[in-house]
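Novice: Show me how the following folds:
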Amino acid sequence: MERLLQTMVGLLLCTVLCGQDQGVRVFQQAGGAVAWVESVSPDSLHRLRSTGVVLKEQGWLLTTFHGYKHGGTLSARLGTAQLVLGAVVTADAQRDLVVVQVLGTEPAPAWKQVPTLTALTSDAIPTGADAYAIGNPHGTELVISYGLVSGLRPFGGTGRKLLQFSAPISEGNSGGALLDGKARLLGMPLAWHADGGGQALNFALPMEEVFAAVAAPRSDLPVVDEAWLMATRAYRSGNCLRAQELFIGIMQTDTVYAQEAAYRSARCMQRNGDLKNALAVYERLVVVDPLDAKSIYRLGEVLLALGETQRAFELRQRAARLKPELLLSETWD
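Specialist: Take a look at the predicted model:
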């Protein structure tokens, strides 16, 4: 009986410790292929940070479309080694995928240290398989989390099927690596169940979708608008009168930049002390998009200046829940 108990305890300890050791091995084998990715829009008003994963054999960097949705410059690094990026292979808004050529690293010898990942398609992934997510949530680099795969599941009302898994992820994980216990790449984390009513309902783009996107490349990145660039240059230089004049013209003629032009125009009003009109614009923007965290935040600022402390505090909290980094930096303005 005593020997049986010792055996059971040993098996239990092995289950726990071996699981921990497996996570260590997965990180050691694959973490070096997970990149920090940053994009800066052509107008320099948007700086987005996310995660990417390198497929060394193919010479690709995979990342999300929503992390590069404004276009502009894209940079990536593996630790301290900068990736040398080439042409965009595909920019697929529907799949939320961007694939970019990787030409090497700077310094060049660092490329030898990048691990080669084996990719698995969803038909080779059993339900209940181990799932390790590695990414950069909220700007914290190379965070690993553990869960299980539940297979392909419908995502929202889109009709698409994504790989559902339970490893915890947060904003910033998107574009990273979802790996099994042998450090094979299962997919690219994209989204999570965010309505407050679910837990561990996270989704990744399966690898067959990546290969299909490359086989039928798209270019869904926005075309640079010269009128918009002229307006944002005036805005950045502090010439708010000229910027507002240009933003109004854009709001009247351009559906792509209309909402952003309204926000920037309201910022000019706010800076010039025209709080009443700024308030009206922010309120309209929040009605149009209740998840527009920056407009919610600015609306709270204006209300605070007008003495409506309680509502201002509630809006600030709401904006922070939607986008916590708003409270940490003003560089998003």
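
Novice: any low-confidence regions in the stretch 201-333 of the chain?
Specialist: 325, 327-332 (pLDDT under 70).

Novice: which residues of it fall in helices?
Specialist: Ranges of helices in the stretch 201-333 of the chain, per DSSP state H, counting those that start in this stretch, are 207-215, 226-236, 240-253, 258-271, 275-288, 293-305, 309-322.

Novice: Reformat the ones you listed as TSV; add mean neighbour count and distance to F165.
Specialist: To be clear about C-beta, it is placed using only N, CA and C from the backbone, and glycine gets the same treatment. Shown next, in TSV, are the helices of the stretch 201-333 of the chain (neighbours: other Cβ atoms under 10 Å; distance: least, Cβ to Cβ, whole Å):
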stretch	mean neighbour count	distance to F165
helix 207-215	18	14
helix 226-236	18	39
helix 240-253	17	42
helix 258-271	21	33
helix 275-288	17	33
helix 293-305	21	26
helix 309-322	15	24
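
Novice: Can you check which of those gets nearest to G72?
Specialist: helix 226-236 (11.0 Å; Cβ to Cβ).

Novice: contact partners of whatever helix or strand R49 lives in?
Specialist: Per DSSP states H and E, R49 falls inside strand 47-55. By Cβ atoms under 8 Å, 6 or more residues apart in numbering, the surrounding residues in contact with strand 47-55 are 33-41, 60-64, 66-70, 76, 78, 83, 102, 114, 117, 119, 135-136, 139, 172-177, 185, 188-189, 331-332.

Novice: Of the residues you listed, grab the buried ones for ChimeraX.
Specialist: Of those, the buried ones can be selected in ChimeraX as follows, counting by 16 or more other Cβ atoms under 10 Å:
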select :33,34,35,36,37,38,39,40,41,60,61,62,63,64,66,67,68,69,70,76,78,83,102,114,117,119,135,136,172,173,174,175,176,177,185,188,189
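
Novice: just the CA coordinates of the strand holding R49, formatted as CSV?
Specialist: Output of strand 47-55 as CSV, limited to C-alpha atoms (Å, rounded to 0.1, in the frame of the first residue of the first chain):
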residue,chain,number,x,y,z
ARG,A,47,1.9,54.0,-33.9
LEU,A,48,0.7,50.4,-33.4
ARG,A,49,2.6,47.7,-31.5
SER,A,50,1.9,44.0,-31.9
THR,A,51,3.5,40.6,-32.3
GLY,A,52,4.8,38.6,-35.2
VAL,A,53,6.2,35.2,-35.9
VAL,A,54,9.0,34.3,-38.3
LEU,A,55,8.8,31.3,-40.6
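
Novice: The helix or strand following it pairs with which strands, and in what direction?
Specialist: Proceeding N to C from strand 47-55, the next assigned helix or strand is strand 60-63, under DSSP H and E. Strand 60-63 has the following strand partners under DSSP bridges: strand 47-55 (antiparallel), strand 97-106 (antiparallel).

Novice: got these as JSON lines, with mean pLDDT and distance to Q252 columns?
Specialist: Formatted as JSON lines, the strands paired with strand 60-63 follow (pLDDT from 0 to 100; distance: least, Cβ to Cβ, whole Å):
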{"stretch": "strand 47-55", "mean pLDDT": "95", "distance to Q252": "28"}
{"stretch": "strand 97-106", "mean pLDDT": "98", "distance to Q252": "32"}
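
Novice: who wins for proximity to A305 among the ones you listed?
Specialist: Comparing these by their distance to A305 (Cβ to Cβ), the top pick is strand 47-55, with 26.7 Å.

Novice: List the buried residues in the closest one.
Specialist: By 16+ other Cβ under 10 Å, the buried positions in strand 47-55 come out as 48, 50-55.

Novice: Pick the one among those closest to V256.
Specialist: Nearest to V256 among the buried residues of strand 47-55 is L48, at 17.4 Å by Cβ to Cβ.

Novice: quick one: that closest one from S150, how far?
Specialist: As for L48, its distance to S150 is 29 Å (criterion: Cβ to Cβ, to the nearest Å).

Novice: now the stretch 1-150 of the chain, which segments are flagged as low pLDDT?
Specialist: Scanning the stretch 1-150 of the chain for pLDDT under 70 picks out 1-20.

Novice: which stretches of it form strands?
Specialist: For the stretch 1-150 of the chain, the strands defined by DSSP state E, counting those that start in this stretch occupy 34-40, 47-55, 60-63, 73-78, 81-92, 97-106, 130-135, 143-154.

Novice: Let's have those strands in a markdown table, adding distance to A262.
Specialist: Formatted as a markdown table, the strands of the stretch 1-150 of the chain follow (distance: least, Cβ to Cβ, whole Å):
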| stretch | distance to A262 |
| --- | --- |
| strand 34-40 | 22 |
| strand 47-55 | 21 |
| strand 60-63 | 29 |
| strand 73-78 | 26 |
| strand 81-92 | 26 |
| strand 97-106 | 28 |
| strand 130-135 | 33 |
| strand 143-154 | 35 |
